[in-house]
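[1] just the structure for this:
(one chain, ligands or ions: 2)
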Amino acid sequence: MCVLLGFLFLILIYLKPFSPIRGFAARSGAPPEAAEFNGTLYASCRMKPSTKLAEGLPKVYGQVLFKQAFPTGPLHMMISLKGFPTVGHQQRAIHIHQYGDLSNGCDSTGGHYNPLGVDHPGHPGDFGNFVPHDGRIWAQKSERATLSGRLSVLGRAVVVHEKEDDLGLGGDAGSLLHGNSGRRLACCIIGISSDKLWNKAVRQPRRN
Ligand SMILES: [Cu+2]
Ligand SMILES: [Zn+2]
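    Residues are numbered from 1 along each chain as shown. Ligands and ions are numbered 1, 2, ... in the order given. The predicted structure is shown next:
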């Protein structure tokens, strides 16, 4: 019995370097999740109101999910948010900001994530404007941002703003920096995740 177990153990040690996950990662420099989920990376961001939210502003909750074929597939995104006023149709800007630092609410996430030093709205996380319906925003889009490599947005923040993004057409300095989108209502940090949340959201797109 002991001999048999020892023999199995030796076989396992021998096979370990050739397991599919190690092989894939070694060949491509991919994170282990790419092999675990068939060459696809998933990320999630759990949206919560800023701890520095001013009195009277809406408390926004929800999630932003990402899915991307490693390493350079289009980044698919699903946004599901609630907590907006049910009256009126104030558009809300959503962006990726540089830092995953929520120590001072959403105000400590820095400016727009701008790895290439370009004007707004040319940043990889300039997602644009979203109109709530019945207090909710639900949207599915493809974006320029990426989950891997030097320009990865993992560990950075998604921020929902009070106002509409002027998309660089405001005619002032702020317009080319951040689109004059107003105060920061809610934010979250983008983290790598399994395929569970994405697959669940695909099955029940508007329930999250
Ligand atoms: Cu922003
Ligand atoms: Zn921007």
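
[2] average model confidence for stretch 116-135?
    The pLDDT scores in stretch 116-135 average 98.

[3] where does pLDDT dip in the protein?
    Scanning the chain with the threshold set as pLDDT under 70 gives 1-28, 207-208.

[4] change it to 80
    Within the chain, the segments meeting pLDDT under 80 span 1-28, 205-208.

[5] contacting residues for P74?
    Counting by CB atoms under 8 Å, 6 or more residues apart in numbering, P74 touches Q68, S142, E143. C-betas here are computed from N, CA, C, even on glycine.

[6] same deal with D172?
    N180.

[7] just to revisit the earlier point, separate out the buried members of the contacts of P74.
    Among those, the ones that count as buried by 16 or more other CB atoms under 10 Å are Q68, E143.

[8] how many neighbours does G88 have?
    8 (other CB atoms under 10 Å).

[9] same check, this time on G111
    Around G111 there are 13 residues (other CB under 10 Å).

[10] which ones among the contacts of P74 map onto strands?
    Q68, S142, E143 (DSSP state E).

[11] distance of the second one from F84?
    With distances taken as CB to CB, to the nearest Å, S142 is found 24 Å from F84.

[12] check the first one too.
    Taking CB to CB as the measure, Q68 and F84 are separated by 28 Å.

[13] same check on the last one?
    Taking CB to CB as the criterion, E143 is separated from F84 by 22 Å.

[14] please apply the same query to S50.
    Distance from S50 to F84, counting by CB to CB: 15 Å.

[15] and if you look at E36?
    With distances taken as CB to CB, E36 is found 36 Å from F84.

[16] which one's more surrounded, these two?
    F84 (23 against 16).

[17] wait, what's in contact with that one?
    Taking CB under 8 Å, 6+ apart as the test, what F84 contacts is P58, V60, Q90, R92, P132, G135, R136, I137.

[18] repeat for Q63
    Q63 makes contact with S44, C45, R46, M47, I79, S80, L81, C188, L197, A201, N208, according to CB under 8 Å, 6+ apart.

[19] need these in TSV (columns: neighbour count and secondary structure).
    What follows is the contacts of Q63, written out as TSV (neighbours: other CB atoms under 10 Å; DSSP: H, G, I helix; E, B strand; the rest coil):
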residue	neighbour count	secondary structure
S44	21	strand
C45	24	strand
R46	13	strand
M47	22	strand
I79	21	strand
S80	21	strand
L81	25	strand
C188	22	strand
L197	19	helix
A201	20	helix
N208	18	coil
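
[20] and the residues you listed as a markdown table, adding distance to A30?
    As requested, the contacts of Q63 are arranged in a markdown table below (distance: CB to CB, whole Å):
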| residue | distance to A30 |
| --- | --- |
| S44 | 19 |
| C45 | 21 |
| R46 | 25 |
| M47 | 28 |
| I79 | 26 |
| S80 | 28 |
| L81 | 31 |
| C188 | 25 |
| L197 | 21 |
| A201 | 24 |
| N208 | 28 |
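
[21] could I get these as CSV with distance to ligand 1?
    Compiled in CSV, the contacts of Q63 are given as follows (distance: CB to the ion, whole Å):
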residue, distance to ligand 1
S44, 19
C45, 14
R46, 18
M47, 13
I79, 14
S80, 19
L81, 14
C188, 13
L197, 23
A201, 23
N208, 22
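
[22] sweet, I'm off.
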